[in-house]
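1. sequence? don't have it. structure:
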């Protein structure tokens, strides 16, 4: 089953985002436990929100809402295996800038079934995964 990453969460939160309708369709698959969410996506989202000066109260509200929408059973956690795989990816693809969180999302998908749902076309360069375009959902 494919793994979704942070662009899904960003699209889900913002009705004006170009990925919003696609993220809503992805949420249906997640709610039906057909797709997984990389836990690293939540950390990346929170850092984006914090860097955008979103208040802590608003961030709490966002994550409380996500908690009610996304079943815990479909969240794949960061483990030592994920970290090891992510570091191998960072070494192999060192020319890709801003790759830290992406490497965690990708490592999670590699350890599951090598499929990731993302709008990030850079993922097409990663030999170890097959990208399912979020914008085509």
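-> The structure has been received and is ready for your questions. Here the structure is a predicted model, which means the values were calculated and not measured.
2. test my guess that residue 93 contacts residue 125.
-> Yes. In this structure, residue 93 is within contact of residue 125 by Cβ atoms under 8 Å, at 7.2 Å. Where you see a C-beta, it was placed from the backbone N, CA and C, and this is true even at glycine.
3. so these two - more neighbours on which side?
-> Higher neighbour count among residue 93 and residue 125: residue 93, with 17 against 12, using other Cβ atoms under 10 Å.
4. and that one, what is it in contact with?
-> Residues counted as contacts of residue 93 (Cβ atoms under 8 Å, 6 or more residues apart in numbering) are 99, 103, 125-126.
5. which element is the residue of the chain most remote from its centre on?
-> The C-alpha centroid of the chain is most remote from residue 57, which lies 22.7 Å away (Cα atoms, centre = their mean). Element membership of residue 57, judged by DSSP states H and E, is helix 56-69.
6. just checking, what packs against that helix?
-> Packing contacts for helix 56-69, counted by 3 or more Cβ pairs under 8 Å, 6 or more residues apart in numbering; DSSP states H and E, involve helix 6-13, helix 39-51.
7. can I get those helices in a markdown table with mean neighbour count?
-> Listed next are these as a markdown table, based on neighbours: other Cβ atoms under 10 Å:
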| stretch | mean neighbour count |
| --- | --- |
| helix 6-13 | 23 |
| helix 39-51 | 17 |
